[in-house]
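Visitor: With the sequence up front, the predicted model follows.
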Amino acid sequence: MAWLAKTEPDIVCLQELKAEQRAFPADTLRSLGYRAVWQGERSWNGVAILARDQDPVLTRSSLPGNPQDGQARYIEAAVNGILIASIYLPNGNPQPGPSSITNWHGSSV
């Protein structure tokens, strides 16, 4: 929050929120002038797009090409006529996690 207040970027993409949908601090962000769309998840995923003084318009909240993928790793929103995407890609450490990322190819975004 301190970084947002100091730098005041127009758009911010966040990854690896590690917070459930209802735990996202939308009210706190709004008090700083930011509106957001987000896809929360309890464990290691979660993505968001913040826009200063504008409402981002959600266009997609999951990776294209795999309708069974329920992990919160991708979100798209239109902000002032520009399509913004925020994606969380795991670092490849051997741990349980989003294996479908490695199979995500050939799909149209």
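Guide: Now that the structure is in, tell me what you want to look at. Residues are numbered from 1 along each chain as shown.
Visitor: can you pull out the helices in the chain?
Guide: 2-7, 26-31 (DSSP state H).
Visitor: Now the first one: buried residues?
Guide: Taking 16 or more other CB atoms under 10 Å as the basis for neighbour counts, the residues of helix 2-7 that come out buried are L4. In this view, the C-beta of every residue, glycine as well, is placed from N, C-alpha and C.
Visitor: Averaged pLDDT, that helix. What do you get?
Guide: In this model, helix 2-7 has a mean pLDDT of 94.
Visitor: Tell me the gap between that helix and the middle of its chain.
Guide: 19 Å (CA atoms, centre = their mean, to the nearest Å).
Visitor: Columns distance to L17 on top of the helices of the chain, output as TSV?
Guide: TSV is the format used below for these (distance: least, CB to CB, whole Å):
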stretch	distance to L17
helix 2-7	15
helix 26-31	12
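Visitor: which stretch among those comes nearest R52?
Guide: helix 2-7 (8.5 Å; CB to CB).
Visitor: List the residues that contact the residue nearest to the spatial centre of the chain.
Guide: Of all residues in the chain, the one closest to the mean position by CA atoms, centre = their mean is V47, 2.3 Å from it. V47 makes contacts with 13-15, 17, 38-39, 72-75, 86-88, as judged by CB atoms under 8 Å, 6 or more residues apart in numbering.
Visitor: Please produce a ChimeraX select command covering the buried subset of these.
Guide: ChimeraX command restricting these to the buried ones, with burial defined by 16+ other CB under 10 Å:
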select :13,14,15,17,38,39,72,73,74,75,86,88
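Visitor: Tell me which of the contacts of V47 fall in strands.
Guide: Residues of the contacts of V47 located in strands (DSSP state E): 13-15, 38-39, 74-75, 86-87.
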